[in-house]
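# sequence? don't have it. structure:
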């Protein structure tokens, strides 16, 4: 039953709408549309921020470059590895996405707790094996488990790859990854509960003309202790703070084994190219303003460091240091270390 409003009631209603005491039907949906609603799945909570995912991607781009170089040298073939994507998903989704059988390396992530998984596509696996066995590394559509010999070969490949992984993670943690075992059935590689979140680094890999994927799966439980370090700001600050006492001592030890030229300089003068070409054995060159009793200058590299005088020791020509001209300062040493580190 419809209710008919009187003119006074209509006037009161219009006045209330104009003063804002009552919202009109047209304005109500507009206010509702302004609300921002984000869908959140409690079964798949996001454990990694976008910045952390981006940092993981940067780290593994370094890993991909190192692996490209290492495999190219070992296989004597063109190998290209690069990061295709970095995603977070549940462990069950990862297990369902990989073929069976495949090559699954269970990696102990010391000093972090737990394990990670390096999965290599069967096409890449058999191409690598064929190449190492003397073949051309051509792609073969083989769907079978690895033999004992083939598994041993892949263990050597994975161990070589893990050395690159340690270097790629060095800015965040001194990781010491070790190959635990190799599985071919994904169902036998249950390292975490199916609903546990993992970060999955997908690496597009090409060996010769054969293309495939390598997947590196890291559980959140394993990476949680260093999750705060997975930021670009932390990595860049680690690079800038590289001149620590420990690093300085390491670089000092390395620099101490470098050979440098040592020259005892009697004097110097300028000659024309014509005069130099005319020099013969037995010619005498007279240095201006140089006396036989004057001290000689000993140069280390291009720096004048000592004064010395000539002599003979054990029937060999020698010099005796008489005075130190300059010391290398701490600032100069740190600059030298920084230049060495950049190289």
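Cool, the structure landed. Everything numeric in this text was worked out from a predicted model, so none of it was measured. Numbering: from 1, shown residues only.

# let's check: the centremost residue of the protein is which one?
In the chain, the residue lying closest to the centroid (CA atoms, centre = their mean) is residue 168, at 3.1 Å.

# where's the spatially closest residue to that one that is not a sequence neighbour, which helix or strand?
Distance criterion CB to CB, 6 or more residues apart in numbering; nearest residue to residue 168, sequence neighbours excluded, is residue 63 at 3.7 Å. (C-beta placed from N, C-alpha, C; glycine too.) For residue 63, the host element (DSSP states H and E) is helix 50-75.

# got the buried residues for that helix?
52-53, 55-56, 59-64, 66-68, 70-71, 75 (16 or more other CB atoms under 10 Å).

# same question, stretch 105-119
Those would be 105-109, 112, 114-119, for stretch 105-119 by 16+ other CB under 10 Å.

# residue 306: how many residues sit nearby?
Using other CB atoms under 10 Å, residue 306 has 20 neighbouring residues.

# tell me the pLDDT at the residue nearest to the centre of the chain?
For residue 168, the pLDDT comes out at 88.

# ok, now residue 324?
Confidence score, pLDDT, at residue 324: 87.

# again with residue 25
52.

# over to residue 58?
At residue 58, pLDDT is 89.

# picking that back up, isn't the residue nearest to residue 168 right next to residue 170, touching?
No - the pair residue 63 / residue 170 is not scored as a contact, 10.8 Å apart, by CB atoms under 8 Å.

# I'd like the buried residues of stretch 105-119 written out as TSV, with secondary structure and pLDDT added.
Shown next, in TSV, are the buried residues of stretch 105-119 (DSSP: H, G, I helix; E, B strand; the rest coil; pLDDT from 0 to 100):
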residue	secondary structure	pLDDT
105	strand	92
106	strand	93
107	strand	92
108	strand	92
109	strand	91
112	coil	90
114	coil	88
115	strand	92
116	strand	93
117	strand	93
118	strand	93
119	strand	93
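
# tabulate these in a markdown table, adding columns for distance to residue 258.
What follows is the buried residues of stretch 105-119, written out as a markdown table (distance: CB to CB, whole Å):
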| residue | distance to residue 258 |
| --- | --- |
| 105 | 39 |
| 106 | 42 |
| 107 | 37 |
| 108 | 37 |
| 109 | 36 |
| 112 | 36 |
| 114 | 42 |
| 115 | 41 |
| 116 | 39 |
| 117 | 43 |
| 118 | 38 |
| 119 | 44 |
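
# ok, residue 167 to residue 152 distance?
Distance of residue 167 to residue 152, computed by CB to CB, to the nearest Å: 25 Å.

# try residue 170
29 Å.

# and the strand or helix carrying residue 323, how far out from the chain's middle?
Assigned by DSSP H and E, residue 323 belongs to strand 316-324. Averaging C-alpha positions (CA atoms, centre = their mean, to the nearest Å) puts strand 316-324 48 Å from its chain's average.

# contacting residues around stretch 88-98?
44, 46-48, 53, 104, 117, 119, 186-187, 189, 191-200, 215, 217, 219 (CB atoms under 8 Å, 6 or more residues apart in numbering).

# mind checking which of those are in helices?
residue 53 (DSSP state H).

# show me where pLDDT drops low in this protein?
Scanning the chain for pLDDT under 70 picks out 1-7, 18-46, 139-140, 232-248, 328-343.

# now do the helices in it.
Under DSSP H, the chain gives helices at 7-19, 27-33, 50-75, 91-97, 122-132, 148-168, 220-223, 232-240, 245-256, 273-277, 330-342.

# what does the shortest one rub up against?
Residues from elsewhere that reach helix 220-223 (CB under 8 Å, 6+ apart): 47-48, 109, 112-116, 192, 196-199, 230.

# state the distance from residue 111 to residue 97.
From residue 111 over to residue 97 (counting by CB to CB), the distance is 29 Å.

# which parts of stretch 87-105 are buried?
Buried residues in stretch 87-105 (16+ other CB under 10 Å): 88, 90-91, 94-95, 98, 101-105.

# may I see those organised as a markdown table, with distance to residue 276 added?
Supplementary listing: the buried residues of stretch 87-105 in a markdown table, determined by distance: CB to CB, whole Å:
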| residue | distance to residue 276 |
| --- | --- |
| 88 | 71 |
| 90 | 78 |
| 91 | 76 |
| 94 | 73 |
| 95 | 77 |
| 98 | 72 |
| 101 | 75 |
| 102 | 71 |
| 103 | 67 |
| 104 | 70 |
| 105 | 65 |
